[in-house]
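Engineer: Below are the sequence and a predicted model for it; my questions follow.
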Amino acid sequence: MRSMNIPIELLVFALSKRKVNQVRLYLYLKSQCSGYLPWNQETIEKIKRNLSIKETRTIHNNLEWLVKNSWVIMNSKRGVIRVVSYLVLSKKLQFHSATGALFDTSQFHNFRPFIYAAVLTYYLKYRHRIARQSERKKGRSITNCSFHEMPAQYLASILKLGKSTTTRYRQKAWDAGFIKMKHRYKPLYIPLDELEFCRIYGDEEAWQLVIHNNQVMVQLSNAITSYVRLRTKPALKKCICSREKVDPL
């Protein structure tokens, strides 16, 4: 198994700017070379096969975006392309974090769920770290647990996407086996036959009311654990440190 340590902010960019297909092609090209790659029909057919792309036009459209934004440099005379480094992109996109997510290059067909899971994992760990620091300052004991809360609205606000969209992304990551979720409930001591009344005349949070184990409860944010591994990228950290303070995550 060969893995890539992909900068997490590149994955955040892909989701927030809706450029997942372009980023996937960039990463695939990067996985196939150390800089330069022949650009011919054989390469195109290989891309179509490994990325499950049916139309050659799709590849050309995505490549056109990469060339236009200088992520890939085309040399028509030599018949090659040059894939720029993560460090070049970090300056262009102003990365602030040196964290990367480990990606198995045999899983390009499963790339979208991986992106969803990787970005969720990063912010899950970030929230947990902040919470731990806050508890230490208050002198409180900290319970170690692999499951942590991640409200869909929190991620939606960061990615500038709708809450329903981030909820759908989270579900796809779960279905693909990158994360695991546990539903959480809080008992609400009202009769079952009053539930519909509360939903109709209550505030917008009333729609969080559900029947669980034959009792009315408030459905809380899911607790999540992730199987995506994050690793610091030393070269990227050094590059960012020359500009500003790096988020340790």
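Structural biologist: Right, received. Where do you want to start?
Engineer: Please report the distance of the residue nearest in space to the middle of the chain from Thr43.
Structural biologist: The centroid of the chain falls nearest to Val119 when counting by C-alpha atoms, centre = their mean (2.6 Å). Going from Val119 to Thr43 by C-beta to C-beta, to the nearest Å gives 29 Å. Bear in mind the C-beta positions are built from the backbone N, C-alpha and C, glycine included.
Engineer: what bits of the protein have low per-residue confidence?
Structural biologist: 1, 131-145, 147, 184-189, 192-213, 216-221, 244-249 (pLDDT under 70).
Engineer: that older thread, give me the buried positions along the strand or helix carrying the residue nearest to the centre of the chain.
Structural biologist: Val119 belongs to helix 111-137 when assigned by DSSP states H and E. By 16 or more other C-beta atoms under 10 Å, the buried positions in helix 111-137 come out as 111-124, 126-127.
Engineer: And stretch 81-96, by the same measure?
Structural biologist: Going by 16+ other C-beta under 10 Å, stretch 81-96 has these buried residues: 81, 83-84, 86-87, 89-90, 93, 95.
Engineer: quick one: which helix or strand includes the residue nearest to Ser3 when sequence neighbours are not counted?
Structural biologist: Using C-beta to C-beta, 6 or more residues apart in numbering and skipping the chain neighbours, the partner closest in space to Ser3 is Leu102 (4.9 Å). Secondary structure from DSSP H and E places Leu102 in strand 99-104.
Engineer: Quick one: list the elements packing against that strand.
Structural biologist: Helices and strands touching strand 99-104, as assessed by 3 or more C-beta pairs under 8 Å, 6 or more residues apart in numbering; DSSP states H and E, comprise strand 3-7, helix 8-16, helix 111-137, strand 230-232.
Engineer: Apply 10 Å and report the result again.
Structural biologist: If contacts are counted by 3 or more C-beta pairs under 10 Å, 6 or more residues apart in numbering; DSSP states H and E, strand 99-104 sits against strand 3-7, helix 8-16, helix 111-137, strand 230-232, helix 234-241.
Engineer: now those in JSON lines, with distance to Asn75?
Structural biologist: Output for the helices and strands packed on strand 99-104, formatted as JSON lines (distance: least, C-beta to C-beta, whole Å):
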{"stretch": "strand 3-7", "distance to Asn75": "24"}
{"stretch": "helix 8-16", "distance to Asn75": "24"}
{"stretch": "helix 111-137", "distance to Asn75": "27"}
{"stretch": "strand 230-232", "distance to Asn75": "33"}
{"stretch": "helix 234-241", "distance to Asn75": "25"}
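Engineer: And the strands in this protein?
Structural biologist: Under the criterion DSSP state E, strands of the chain are mapped to 3-7, 36-38, 72-75, 80-83, 99-104, 148-149, 179-187, 209-212, 215-226, 230-232.
Engineer: With distance to Arg243 added, can I get these in a markdown table?
Structural biologist: A markdown table is the format used below for the strands of the chain (distance: least, C-beta to C-beta, whole Å):
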| stretch | distance to Arg243 |
| --- | --- |
| strand 3-7 | 15 |
| strand 36-38 | 28 |
| strand 72-75 | 24 |
| strand 80-83 | 23 |
| strand 99-104 | 16 |
| strand 148-149 | 31 |
| strand 179-187 | 32 |
| strand 209-212 | 48 |
| strand 215-226 | 29 |
| strand 230-232 | 17 |
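Engineer: hey, which of those is tucked in deepest?
Structural biologist: strand 99-104 (a mean of 20; mean count of other C-beta atoms under 10 Å).
Engineer: Alpha carbons only: can I get that one in PDB?
Structural biologist: C-alpha atoms of strand 99-104 as PDB (Å, rounded to 0.1, in the frame of the first residue of the first chain):
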ATOM      1  CA  THR A  99      -1.300  18.900   9.200                       C
ATOM      2  CA  GLY A 100      -1.800  16.300   6.500                       C
ATOM      3  CA  ALA A 101      -4.200  13.300   6.100                       C
ATOM      4  CA  LEU A 102      -2.800   9.900   5.100                       C
ATOM      5  CA  PHE A 103      -4.500   8.700   1.900                       C
ATOM      6  CA  ASP A 104      -4.200   5.200   0.400                       C
END
